[in-house]
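Visitor: need a 3D model of the sequence below.
(2 chains)
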Amino acid sequence: MLFNSYVFLLGFLPAAFLIYWFADKSDTWRTRVLIVLSLIFYGYWDVRFVPLLIGSILVNWYGAKLYAASKSSALITCMIVLDLAVLGVFKYFNFFAANLHAVFGVPLVRAHWALPLGISFFTFHHIMYLVDLRRGRASTYPLDKYALYICFFPQAIAGPIARWSEVMEQFGKRAFQPGWQQRCALGVTFVVLGLLQKIMLGDPLARIIYPVYQHAATGPLPAGQGWLALAFGFQVLFDFAGYSDIAIGLGLMFGIVLPRNFDGPFRATSIVDLWQRWHMTLARFLRDYVFTPLSRVRIGGGRHRMTRALVAIMLTMALCGLWHGAGWTYVLWGTLQGVGIVFAAAWSRNLPSPPAIVGWAATLAFFLVTCVMFRAPTLEATLRIYHSIATGLPADTNGFRTIAIAAFCAVVLPPSHVIAARLTDRANYYVAASLAAATVVVLLEISRFEYEFIYFQF
Amino acid sequence: MSSSTSSFEQAAVAGWSKWLVRYLVTLAVLAAALALFVVVMDPFSTGRFALTQRIDITTSNPRLSDAALVRDKRFNGAIFGDSVAIGLDPQAVASQSKWRLLQLAMFAASAREVTTVASAFERHHSDGSTLEIFVVDSRWCSDDPKAQDSDAVFPAWLYNSNDATYLANLQLSSEAVVASVTRLQIWAGLVQPPLREDGYAPWSYGHNAATFIQTRPVEAAAPTAPMPALDVLAAHISALGDNRALAVVFAPQHVSVLPVPGSAAAVRLEACKQRVHDMVARRPRAAYLDLMIENPLAQDAENFTDPLHLDGRGLPSFAASVAQLIEQSGLKPD
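Guide: The predicted structure follows:
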């Protein structure tokens, strides 16, 4: 079920809110009802994957219980390997099969199964919990709480990737306690802001750049047309930041505070700064559960600590790219992000900081240019776009007004969480009416185009 | 102290309750007012639940404007197809004949969309003889099961849905709101309709030399493989009454996209053309014309916007050929 669809906004959400309103009064039913609603939300897309989700919850929860009883570290390792194996089979089988075929001539086998929605995200949730359990930071939880941690519908499909410690204690508590109205108003504000980002900024950009990438996939682009392709960076920002805001808003409406995912990334003055503001919950997952263990691997003794850290950054970001998609363009994109981070880190250690405006321009340019390979279907298409950019300026200004508005919103306006806080610092009825009018505009605009969120494919 | 704090908290709770109520009430009132406005304005001139039965063209999007045009009884024929047909001037095609033609082609239209519009045209012209001109291209010969459908959002609800479906879709459409306002402006004389009254707008795309770099097709499915788009067209044609005149035309395409002679692609295209020819030959008052051939028109890139679409220089020749077909085939109104 898409957040930006009528079936969700006019059907599921009002019904789920009402049902939960009544269920919230019961300590027995509160969490269970939220789980059932989440499974309905998940199953609406493709009911075949509901058993996979439920099975994944049961196996990991039971594994955690066994670990608590046995303290067998190997058990946690097995669980993580199993989770990654399931992810690998569904998401990377064809990628690895194609590469084995290309390199070793292994007969090509292609799988034709669909990618279960949100599998990357719920796999990460399992891993975070299991690793922290082994580290002694997490305890075991009742099945209903663990199930809700994995399948809670606002965040199950595409995050934010909440830590167990951020949400587990919130589950099971009454949502509609005195004062819930203010939290709910903030939630509504986040949902409307998220929909506006997705539908009024992200989707129009998608319509502008789609023909460019299509054209690049089939042949050379006219000189200058490739400049439009750079707008993909803005599109993916508003698409995913919009999704995250809707998820955060829905969480608030149902009494759960989810972590922030974006913090004005295109105002960053270095690539390190940008990655601290972009998909923040993924970035901290990568830092805590990939980079940190990798950087502690002892190779070459203590003298090479810096080298180890730099290699760990590169590997982490390459894996970040691979997580986004089973293709070498994604790996290259991630690796380039790693190169950028290493370069910025080396610069900050050895050279004076450039003026903020120079840092900002270089960071934004680097990110927008490298995002082309994230979106382009092949490396060849990426190079065609770069060639088109290098050989001329755009022949006309079609689409540039939309891009300019999006750039203004991304760079000049404050992050959406700041806007939401300002709009709800007091109960202003004009704000409520304005948000209602914005909701009507969004509902009308949905009728024209209904696009998936980009991060659903990950 | 505690009682004043408590009353302050109660006031805050009441304030946020009112905020939520204000949001929901404004949302409901705005949505209801817009819905009522759009319904009575009948933005696409379908004649349903409308203040007036007159026909106004309020949008240049053919998928929407065709819903009004198919109702116009001043016309007794129409041109159907996708973007290869959209530049044909219906007045030039009708030429000296007694036909008064509409331009009902749509960009990137699928077979299903084209025949949906054609069926709606037939339904609104059931009391007289009509001429349907279908312009097809190599896309109609594809074996892809999706060739009969399209990725574009097609408002089927405007053409053949029941009233409940029509109302539900109309009220959730930003195009409907914009078109309602445009219709008010047309009535007030503030704006002109975006299309000519027969649905035609001059082809405005220049020559794009960068697109003429393709390799001529060689590979294709077997000639016996399915042609799902033609299946849809055949079903439509077989349902036409005998008082309907029909012409099916293969549109000219630049030589760079025509199959290499003797290749599998050429064999497939010939089988497709033969099937269309046979489809037409089985009917009375029907004509077939193949302009997708290597001739001087197809060999000169200057006649085309891109390899698939004739531009302002090539289109008059295309229209003249279709006009000639109508005249020579004796296709006349009853």
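
Visitor: can you give the domain ranges for chain A?
Guide: A:6-176, A:181-457 (automatic domain parsing).

Visitor: and of those, who's closest to chain B?
Guide: Using CB to the nearest CB as the measure, domain A:181-457 is the one of those that comes nearest chain B, at 3.6 Å. All C-beta atoms are positioned from the backbone trio N, CA, C, and that covers glycine.

Visitor: what residue ranges in the stretch 301-450 of chain A score low on pLDDT?
Guide: A:301-303, A:447-450 (pLDDT under 70).

Visitor: get me the contact residues on it for chain B.
Guide: A:426-429, A:431-433, A:435-437, A:439-441, A:443-449 (CB under 8 Å from any CB of the partner chain).

Visitor: put the buried members of the residues you listed into a PyMOL selection.
Guide: Restricted to buried positions by 16 or more other CB atoms under 10 Å in any protein chain shown, the PyMOL selection for these reads:
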select buried, chain A and resi 427+431+432+433+435+436+439+440+441+443+444+445+446+447
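
Visitor: now tabulate the domains of chain A in JSON lines and tack on distance to residue B:26.
Guide: Formatted as JSON lines, these follow (distance: least, CB to CB, whole Å):
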{"stretch": "domain A:6-176", "distance to residue B:26": "16"}
{"stretch": "domain A:181-457", "distance to residue B:26": "4"}
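
Visitor: point out the most buried one among the ones you listed.
Guide: domain A:181-457 (a mean of 19; mean count of other CB atoms under 10 Å in any protein chain shown).

Visitor: for chain B, what spans make up the strands?
Guide: Under the criterion DSSP state E, chain B contains strands at B:77-81, B:101-103, B:130-136, B:244-250, B:286-290, B:304-306, B:309-310.

Visitor: where is the longest helix in chain B?
Guide: When chain B is scanned for its longest helix (criterion: DSSP state H), the result is helix B:2-41.

Visitor: all strands for the stretch 201-350 of chain A, in order.
Guide: Under the criterion DSSP state E, counting those that start in this stretch, the stretch 201-350 of chain A carries no strands.

Visitor: ok, then the element right after the host helix or strand of residue A:357?
Guide: Assigned by DSSP states H and E, residue A:357 belongs to helix A:356-375. Sequence-wise, the next helix or strand downstream of helix A:356-375 (DSSP H and E) is helix A:379-390.

Visitor: show me which residues of the stretch 1-150 of chain B sit near chain A.
Guide: Counting by CB under 8 Å from any CB, the stretch 1-150 of chain B sits next to chain A at B:9, B:12-13, B:15-20, B:22-27, B:30-31, B:34.

Visitor: can I get the buried part of those residues as one ChimeraX selection?
Guide: The ChimeraX selection below is limited to those of these classed as buried (16+ other CB under 10 Å):
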select /B:13,15,16,17,19,20,22,23,26,27,30,31,34
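
Visitor: got the contact list for residue 128?
Guide: Just so you know, I chose chain A. Residues near residue A:128 by CB atoms under 8 Å, 6 or more residues apart in numbering or on different chains: A:161, A:163-164, A:285, A:289.

Visitor: actually chain B
Guide: B:76, B:243, B:333-334.

Visitor: now residue A:227
Guide: Residue A:227 neighbours (CB under 8 Å, 6+ apart): A:388-389, A:393-394.

Visitor: and with 10 Å instead?
Guide: A:212, A:221, A:385, A:388-389, A:392-394, A:399-400, A:403 (CB atoms under 10 Å, 6 or more residues apart in numbering or on different chains).
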